[in-house]
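*Asks:* Sequence and predicted structure are below.
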Amino acid sequence: MSLLGIAMCLANSVSLAQTQCNVVGWASQNGGVTGGGSATPTVVTTYTDLKTAITSSSVKVVHISGTITIPSGGRISFQDQSGKTIYGLPGSRLVSNDLTKDNSGIIYVKRCSNIIFRNVTLEGPGAYDTDGWDNMTLDASTNIWIDHCEFQDGMDGNLDIKNASDYVSVTWCKFIYNKAPIPGGPGGSNDHRFSNLFGSSDGATGDRGHLRVTMQHCWWAQGCKARMPRVRFGKVHVVNNVFNSTVAAQCVMAGFEADLLVESNVFENVTSPIDKMDNTFTAITSRNNIFTNTTGNTAGSGTAFIPPYSLSIDSAVNVKGLVTQSAGATLTSPTCDTTSTPVTYTLTTTASPSAGGSVTGAGTYNSGTVVTVTATAASGYTFTGFSGDASGTAASTTVTMSGNKSVTANFQAQQTGGDSTSIRIEDDATTAQGLCSYDGAISSNSGAANGRVINLSNSTGKGVTWKVSAPAAGSYKLIWRYVNSSSSNTYTMALIVNGTTVNSAQPFAKTGSSTTFALSAATVSLNAGGNTIRLESVASPATADIDYIEVTGNGPAAADCASGARQVMTTTEIITGMYPNPTHGLSTISLSLESNEEVVIKVFDEQGRLVNSMNTIRSITAGTQQVSLNMKNRQPGLYNIVVNSNKGKKQTYRLLVK
């Protein structure tokens, strides 16, 4: 590199450090913000010490150490103070697990001025719509600087600003929802991952002339659904931020009399980057933003306010790298020494199974380092692909250290003789090739083995059904390759084999991205002949997208879903599967007939009373057919499903209705 290039890099590093150490934007006006200055810090490690230090006007600098849990009803009211700094030492967290309306929340800041919050991580219990409390709320407070903080999983919101609060700057902060939204709140929204509300209502006219807020170098990361922020009345400068939550329904929201300057931001894979709502805003200026794979409005309307302060604005092309590297509680020292130790992250690597091989690349690296991870299979094993924070089937891949990362190298034992073999049923297989049904659609995915996945419908009881033939009864290993990247998804499914739930919580853990795949495995007992294998969602949110299923054992083969030719039946076996079982109302019965015959299906309750008798079913040809059974209007409990054939066969099956 030339001397000029080195000088430019050093200048950029110093410029970034200075930007991160000096208040900018609206908080620099009206006298600025100095916080507690150089006062001796009070270090707190317990809730009691934290509350005492924050509520004491004589304590000017508070340093938070370790994880401190806020007890139910222990929300800290920080009131009527001026000149204070609250700083989170590296690795510290403030955590609230309370989901009630009155006892939730972490910090409520009221009638305070000249306050600095830096490097603080605030973790809530998850979004739940009960009109509760946010992780942090500013109320009637002025000259507040919130810098390098991370707001996670606020119940009602992450950070709200209201009641004529003014001269506020929020810089280098990260907003994220790691936990799935909790449905059923009395407020009515089952997905209340609404991050930031500025101004509480259209009728709060006392906010006119206030709510002047600058948001620079902030990151609305995965899980944020809306309000990034939603603004009423305020003059809000939204500049050099990143919006890339794939579940975003609205990002910047212009509410009643909002005056917004939206410039040099990056919007990726979001809906409604700039939401004009009901068009009661004052003005929106949108300029120099980057919109990638977005839908919805991107344009402004009218001319927004002109900031009274000068501000160094980064080019939008550089914003994503700067923000994703440095936003959040990433500071390593409460001082602003530009020579301080750089931010480091840990890369953890795992071989699965451990005997399958080795994987290199684990260690601690400076933020932004690109690390090469290489998998090497042991003798008798084959490398099948990476999962976790890396993907792909090539033996080497790279990982950019923008946070702590975990990568798993997956290996599979080679078949070296005997009767053990493996089959794979892909997501585009036909019913003659073992893929019997799926409740959803086939979607494109560049990370899938064949470029496609089964994307299930978002509802309880939706699933995928396969048919596998086994020449002999015994244990067989099932492996699914899947992707499950959304924080709103469920991470387990029911595994149902031949109509019986063998695992009500088969794990499908969260993956690093929408193209990062992982494996889920189970060992099950299969019957000789045809076997039905089903994965089924256990909750209404979405679940994993399935790439394929692999079956390993004594000569398994994909069976024809519509044929009984591969089945070896006992003299009494008619029902070969019933799913779901347990059921909330609807089940499907799989009938296998050795020859053309008629059957009658009757349903009896536990007292032996007949509650349902289905019409005679005639098999046109021998084989397998599926019959729907509706138990929606039945009381919860156990029922006996009795099948009689005109050739003297009889079988009873137990069904649990929830």
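*Replies:* Received the coordinates, thanks.
*Asks:* Would you mind measuring from the closest residue to G83 other than its chain neighbours to S189?
*Replies:* Closest residue to G83 apart from its sequence neighbours, by C-beta to C-beta, 6 or more residues apart in numbering: N114 at 4.9 Å. Every C-beta, even on glycine, is put in place using the N, C-alpha and C of the backbone. Distance, N114 to S189, by C-beta to C-beta, to the nearest Å: 36 Å.
*Asks:* cool, and N279?
*Replies:* Counting by C-beta to C-beta - N279 and S189 are separated by 23 Å.
*Asks:* The two: which is more packed in?
*Replies:* S189 (15 against 7; other C-beta atoms under 10 Å).
*Asks:* Please tell me I have it right and the more buried one contacts D129.
*Replies:* Yes - between S189 and D129 there is a contact under C-beta atoms under 8 Å: 4.3 Å.
*Asks:* in the stretch 351-500 of the chain, which spans are strands?
*Replies:* Per DSSP state E, counting those that start in this stretch, the stretch 351-500 of the chain carries strands over the ranges 357-360, 363-366, 370-377, 381-388, 396-400, 405-413, 420-426, 435-438, 440-444, 452-456, 463-470, 474-483, 492-497, 500-507.
*Asks:* Just the C-alphas of the longest one, formatted as CSV.
*Replies:* Below are the C-alpha coordinates for strand 474-483, written out as CSV (Å, rounded to 0.1, in the frame of the first residue of the first chain):
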residue,chain,number,x,y,z
GLY,A,474,-35.3,-52.7,12.7
SER,A,475,-33.7,-49.3,13.6
TYR,A,476,-33.1,-46.8,10.8
LYS,A,477,-31.5,-43.4,11.0
LEU,A,478,-33.4,-40.3,9.6
ILE,A,479,-31.5,-37.1,8.6
TRP,A,480,-33.3,-33.9,7.4
ARG,A,481,-31.4,-31.0,5.8
TYR,A,482,-33.2,-27.8,6.6
VAL,A,483,-33.1,-24.0,7.0
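*Asks:* Neighbouring strands - and their directions - for that strand?
*Replies:* Its sheet considered, strand 474-483 pairs with strand 518-526 (antiparallel), strand 545-554 (antiparallel) by DSSP bridges.
*Asks:* Please identify which of those is closest to W220.
*Replies:* Checking those against W220 by C-beta to C-beta gives strand 545-554 as the closest, at 24.3 Å.
*Asks:* Quick one: mean pLDDT over the closest one.
*Replies:* Average pLDDT, strand 545-554: 91.
*Asks:* which other residues reach whichever helix or strand comes after that strand?
*Replies:* The helix or strand immediately downstream of strand 545-554 is strand 557-558, counting by DSSP states H and E. With contact meaning C-beta atoms under 8 Å, 6 or more residues apart in numbering, strand 557-558 is reached by I423, I425, A429, Q433, G434, W466, K467, V468, S469, R566.
*Asks:* hang on, S92 packs against T67?
*Replies:* Yes - shown here, S92 and T67 form a contact pair, counting by C-beta under 8 Å, at 7.0 Å.
*Asks:* who's more crowded, those two?
*Replies:* Taking neighbours as other C-beta under 10 Å, S92 and T67 compare with S92 leading, 19 against 13.
*Asks:* ok, and the closest non-adjacent residue to the more buried one?
*Replies:* I64 (4.4 Å).
*Asks:* Contact partners for the one you found?
*Replies:* V44, L50, I86, Y87, G88, L89, S92, L94, V120.
*Asks:* I'd like to know which elements whichever strand or helix holds the fourth one is packed against.
*Replies:* Looking back up the chat, that one is Y87. Y87 is located in strand 82-88, with elements delineated by DSSP H and E. Packing contacts for strand 82-88, counted by 3 or more C-beta pairs under 8 Å, 6 or more residues apart in numbering; DSSP states H and E, involve strand 61-64, strand 113-118.
*Asks:* Any regions of the stretch 51-200 of the chain where pLDDT drops low?
*Replies:* By pLDDT under 70, the stretch 51-200 of the chain has no low-scoring segment.
*Asks:* now do the stretch 301-450 of the chain
*Replies:* The model of the stretch 301-450 of the chain has pLDDT under 70 over residues 336-343, 367-368, 402, 414-419.
*Asks:* Quick check: F267 touching N241?
*Replies:* No - between F267 and N241 there is no contact under C-beta under 8 Å: 9.1 Å.
*Asks:* OK, contacts around I549?
*Replies:* R424, I425, W466, L478, I479, W480, I533.
*Asks:* What are the buried residues along stretch 69-85?
*Replies:* Buried residues in stretch 69-85, counting neighbours by 16 or more other C-beta atoms under 10 Å, are found at I70, G74, R75, I76, F78, Q79, Q81, S82, G83, K84, T85.
*Asks:* Distance to S486 for the residues you listed - can I get that in TSV?
*Replies:* Output for the buried residues of stretch 69-85, formatted as TSV (distance: C-beta to C-beta, whole Å):
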residue	distance to S486
I70	28
G74	32
R75	30
I76	32
F78	35
Q79	39
Q81	41
S82	43
G83	43
K84	39
T85	37
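*Asks:* between those residues, which is closest to T34?
*Replies:* Closest to T34, out of all of the buried residues of stretch 69-85 and judged by C-beta to C-beta, is G83, at 7.0 Å.
*Asks:* Quick check: that closest one touching G37?
*Replies:* Yes - using C-beta under 8 Å, G83 makes contact with G37 at a distance of 7.3 Å.
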